[in-house]
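**Q** okay, sequence plus prediction incoming.
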Amino acid sequence: MSRIVAIAMALAALAVPALAQPAAAPATHAGARINFPQTVGGAALEQSQVQGGTATYMYALNKMQIYVFVFDGGRRIPPGSDTPQLMTQFIDEVNQAQSQLKASGYGQFERPTVASACSYGGITFRCIVYSVNSTGGRLFSKLLMTGYHDYFLKIRVDWAQATGQSQADADKALQAFIPALVH
């Protein structure tokens, strides 16, 4: 298993509590009104699961992994990327990623001090890029979150320095992926 897939799987586990075998997620998330077809914006669906109230969809595109998480945490989530609920959850997600990566033995976690806002397909997300050192070079993740149809919509794209990809490549992938997903 490649290091980027291993780290991606570890990070995917952050969004769901440890329970029995997860079930496949439905092709349509009825609450958030999002369809998850086999291909979206050039990315191919590799797997999906529902566990602990979180639906997770993993897509692959040009050696990048794109994860989509849809969950509500037991409450109605207001729309947008700057609500108090979203801001609190976003900070928690970044801190959990940092803790999980450190516990998995990855070093030199780097992230900007302050998250920014970014827009894809007319939707504004709270976003941040973080990275860690691995034996094969730096591994990067861009985390996006927004409130969408009463749910948290969390998207994360992972890439490795060793594959010659950059944040510009990840942004290009997201520019194709997100508008096709939430049209």
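**A** Structure received. None of these values were measured; they are calculated from a predicted model.
**Q** export stretch 161-173 as CSV, just CAs?
**A** Taking C-alpha atoms only, stretch 161-173 is exported to CSV below (Å, rounded to 0.1, in the frame of the first residue of the first chain):
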residue,chain,number,x,y,z
GLN,A,161,5.4,15.5,-3.5
ALA,A,162,7.0,12.4,-4.9
THR,A,163,4.3,12.2,-7.7
GLY,A,164,5.3,15.6,-8.9
GLN,A,165,1.9,17.2,-8.0
SER,A,166,1.4,20.5,-6.5
GLN,A,167,-1.4,22.5,-4.8
ALA,A,168,-2.2,24.0,-8.3
ASP,A,169,-2.9,20.4,-9.5
ALA,A,170,-5.1,19.8,-6.5
ASP,A,171,-7.0,23.0,-7.1
LYS,A,172,-7.5,22.1,-10.7
ALA,A,173,-8.9,18.7,-9.7
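**Q** residues in contact with residue 72?
**A** Contact partners of residue 72, counting by Cβ atoms under 8 Å, 6 or more residues apart in numbering, are 31, 53, 150-152. Yep, even glycine has a C-beta here, placed from its N, CA and C like the rest.
**Q** farthest-apart pair in these, please.
**A** Maximum pairwise distance among the contacts of residue 72 (Cβ to Cβ): 13.1 Å, between 53 and 150.
**Q** among the contacts of residue 72, name the ones in helices.
**A** When those are checked against helices (DSSP state H), there are no matches.
**Q** strands of the protein, start to end?
**A** Under the criterion DSSP state E, strands of the chain are mapped to 28-29, 34-35, 39-40, 43-51, 54-61, 64-71, 107-110, 116-120, 123-134, 137-148, 151-160.
**Q** would you mind pulling the contact partners of the fourth one?
**A** Okay, so that is strand 43-51. Under Cβ under 8 Å, 6+ apart, the answer for strand 43-51 is 16-17, 19, 22-26, 36-39, 55-61, 66, 173, 176-177.
**Q** can we see that at 6 Å?
**A** By Cβ atoms under 6 Å, 6 or more residues apart in numbering, the residues outside strand 43-51 that reach it are 16, 19, 22-25, 38, 56-61, 66, 177.
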